[in-house]
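**Q** Need coordinates for the following:
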Amino acid sequence: MNMKLIILTAPSGAGKTSIAKHLMRTFPDKLAFSVSATTRMARSTEKHGIEYYFISEEDFKKKIEQQEFIEWEMVYEGKYYGTLKSEIQRIWNEGHFPVLDIDVKGAIHVQQQFPGEVLSLFIQPPSVEELRRRLESRGTDSAETINTRIKKAAYEISFNHQFSHIILNEELDKACAEAEKRVRDFIAG
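**A** You can find the predicted model right below:
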């Protein structure tokens, strides 16, 4: 098996996590979710090693120094996220394709490191207004956090042309079906 990767990227709230879960259910023997590392606190429903590897800022910075990430970023002040090289290698060793659910900058960086080996899907929200509505309906963020995410989203959408495919997520079922087709073609190729 060649060392291929699948990246899902999108502004926060565009639906990439829902699409990633659909792909994992559809291709359980082919895909494995790449668990990212983060310095943010776990939400009450999250478990270490499942949704994220929750590590201290100090440990994260050590791993940066030791070049243990294929990509990392301080996404918000003091909150780091990254993809560990060991996590990608673990998935390849199991004979699966890693699925990375990462932000736009990280996705661009990973594509540069693995030219020709990456399927990158940019999940595009129908509009910035719809994105705001989705983030507000989650009820997990303050108005200030939502405003920060909306500004960041508008900026991230400007990079959508840098990815293999743009998938408009107006209706989740249609977006999932399109992502499924793109992945099926990629892993068959």
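**Q** so where do the strands sit in this protein?
**A** 5-9, 31-33, 36-38, 52-54, 69-76, 79-84, 97-101, 118-124, 165-168 (DSSP state E).
**Q** So which of those strands is nearest Ser158?
**A** Closest to Ser158 of those is strand 118-124 (Cβ to Cβ; 11.1 Å). Any C-beta I mention is one placed from the backbone N, CA and C, and that applies to glycine too.
**Q** Bridge partners for the residue nearest the centre of the chain, pull those for me.
**A** The residue lying closest to the centre of the chain (Cα atoms, centre = their mean) is Asp101, at 1.7 Å. Taking DSSP bridges as the rule, Asp101 bridges to Leu8.
**Q** Contact partners for it?
**A** If you count contacts by Cβ atoms under 8 Å, 6 or more residues apart in numbering, Asp101 has them with 8-9, 16-17, 20, 33-34, 36.
**Q** longest single helix anywhere in the protein?
**A** Longest helix in the chain by number of residues (criterion: DSSP state H): helix 172-188.
**Q** So which residues make contact with that helix?
**A** 4, 6, 8, 15, 18-19, 22-23, 26-27, 30-31, 97, 119, 121, 123, 164-165, 167-169.
**Q** again, only this time at 10 Å
**A** Contact with helix 172-188 is made by 1, 4-6, 8, 14-16, 18-23, 25-27, 30-31, 96-97, 99, 118-121, 123-124, 164-169, 171, as judged by Cβ atoms under 10 Å, 6 or more residues apart in numbering.
**Q** isn't Ile55 right next to Lys63, touching?
**A** Yes. Counting by Cβ atoms under 10 Å, Ile55 does reach Lys63; the two are 7.7 Å apart.
**Q** what residues are shared contacts of these two?
**A** 37, 80, 82, 84.
**Q** For PyMOL, write the selection for the buried entries among the contacts of helix 172-188.
**A** With 16 or more other Cβ atoms under 10 Å as the criterion, this PyMOL line picks the buried residues out of those:
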select buried, resi 4+5+6+8+14+15+16+19+20+22+23+27+30+31+96+97+99+118+119+120+121+123+124+167+169
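**Q** Output the below-cut-off pLDDT ranges for this protein.
**A** In the predicted model, the chain carries pLDDT under 70 at residues 1-2.
**Q** Try it again at 50.
**A** Counting by pLDDT under 50, the ranges of the chain that qualify are 1.
**Q** Pick out the most distant pair among the contacts of Asp101.
**A** Most distant of these, by Cβ to Cβ, are Thr9 and Phe33, 14.5 Å apart.
**Q** So which of these two has more stuff around it?
**A** When neighbours are counted by other Cβ atoms under 10 Å, Thr9 and Phe33 differ, and Thr9 comes out ahead with 26 against 18.
**Q** Could you report the neighbour count for the closest residue to that one other than its chain neighbours?
**A** The shortest distance from Thr9 to any non-neighbouring residue, by Cβ to Cβ, 6 or more residues apart in numbering, is to Ala107 (3.9 Å). Applying other Cβ under 10 Å, we find 26 residues neighbouring Ala107.
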